[in-house]
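Novice: For reference, the sequence and a predicted model appear below.
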Amino acid sequence: MKEKSINLNGRLLSLKSPVVMGILNVTPDSFYAGSRQADEAAVAQRIETILSEGGTIVDIGGYSSRPDAAEVTEEDEWQRIEPALKRMQKDYPDVPVSVDTFRAAIARRAVEEYGAAMINDISGGMLDPQMFGTVASLQVPYILMHMRGTPQTMQQQTDYDDLMEEIMLYFAQKVRMLRQLGVNDVILDPGFGFAKTLEQNYELMRSLAEFSLHFDTPLLVGISRKSMIYKLLNTTPENSLNGTTVLNTYALLNGADILRVHDVKAAAEAIEIVKQLMPS
């Protein structure tokens, strides 16, 4: 199996060793209150924390995708993320930035005006038909996630005849479309918590190794403090770090190349330990 890598603003990032993507939420309603950054000082501190604790990529998002999240206008989303993009460009120009958006216009502005290196689209191009073409024209890596519906409706769309078969077909079709458009770097995100019940999330996690068997693309796992952890353990997002680390470790042992997390230090430590367990 060839070594996976992604091209970030002309520099090749090897994924021979998994990397951490640190979450920078500039939303007032993210499901995990501890991740919300209310002002520029908090944004600056969060960036510094991500990088000092071992993060490789900073993922900036201005639209909460938690179930039943409120709608956010395109202009509001841009006004939320622009200060963080400015800060990254000014103080950390060599750190790759991922922009968490399903809007093609936001993606284009982030890349063209602030040098964002990657687009992270929860909708897999479903919520903006211009997204695939935009990413192709920008020639940036694209994180393709599995979801049904919208953040407002997704948890009413969990009726699958065969969960894994549908997700695999979804990825096969969309990866083919992206390749035909000329998108070279596609990263798969199975979409834990998006249009999936608690039981389906664990079925998906148990089957994680299948993605590396069927696709030669990098695999991103984002389960940080999600309801599949805190509902199972009858706790809260604030008390879900231990469960997050357990699942991140399992994901690493089953092919995850990128961990998208709130708690960068814990994820970086999990990677270091798992590296010692894997054959060199």
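Specialist: Received, thanks.
Novice: need the strands for the stretch 1-150 of the chain, in chain order.
Specialist: In the stretch 1-150 of the chain, the strands defined using DSSP state E, counting those that start in this stretch lie at 5-8, 11-14, 19-25, 57-61, 97-100, 118-121, 142-145.
Novice: Is it possible to get a markdown table of the ones you listed that adds mean neighbour count and mean pLDDT?
Specialist: Every C-beta, even on glycine, is put in place using the N, C-alpha and C of the backbone. Output for the strands of the stretch 1-150 of the chain, formatted as a markdown table (neighbours: other CB atoms under 10 Å; pLDDT from 0 to 100):
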| stretch | mean neighbour count | mean pLDDT |
| --- | --- | --- |
| strand 5-8 | 19 | 97 |
| strand 11-14 | 12 | 96 |
| strand 19-25 | 26 | 96 |
| strand 57-61 | 25 | 96 |
| strand 97-100 | 28 | 98 |
| strand 118-121 | 26 | 98 |
| strand 142-145 | 27 | 98 |
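Novice: need those in JSON lines with distance to Met278, can you?
Specialist: Shown next, in JSON lines, are the strands of the stretch 1-150 of the chain (distance: least, CB to CB, whole Å):
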{"stretch": "strand 5-8", "distance to Met278": "18"}
{"stretch": "strand 11-14", "distance to Met278": "15"}
{"stretch": "strand 19-25", "distance to Met278": "15"}
{"stretch": "strand 57-61", "distance to Met278": "22"}
{"stretch": "strand 97-100", "distance to Met278": "25"}
{"stretch": "strand 118-121", "distance to Met278": "25"}
{"stretch": "strand 142-145", "distance to Met278": "24"}
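Novice: looking at it, Asn25 is touching Asp59, isn't it?
Specialist: No - contact criterion CB atoms under 8 Å: Asn25 and Asp59 do not qualify, at 9.0 Å.
Novice: Check which residues of stretch 182-201 are buried.
Specialist: 183, 185-196, 200-201 (16 or more other CB atoms under 10 Å).
Novice: So for it, first residue to last residue, what's the gap.
Specialist: 31 Å (CA to CA, to the nearest Å).
Novice: Rounded mean pLDDT for it, please.
Specialist: Averaging pLDDT along stretch 182-201 yields 96.
Novice: How about stretch 77-88?
Specialist: In the prediction, stretch 77-88 has an average pLDDT of 94.
Novice: Great, nothing more from me.
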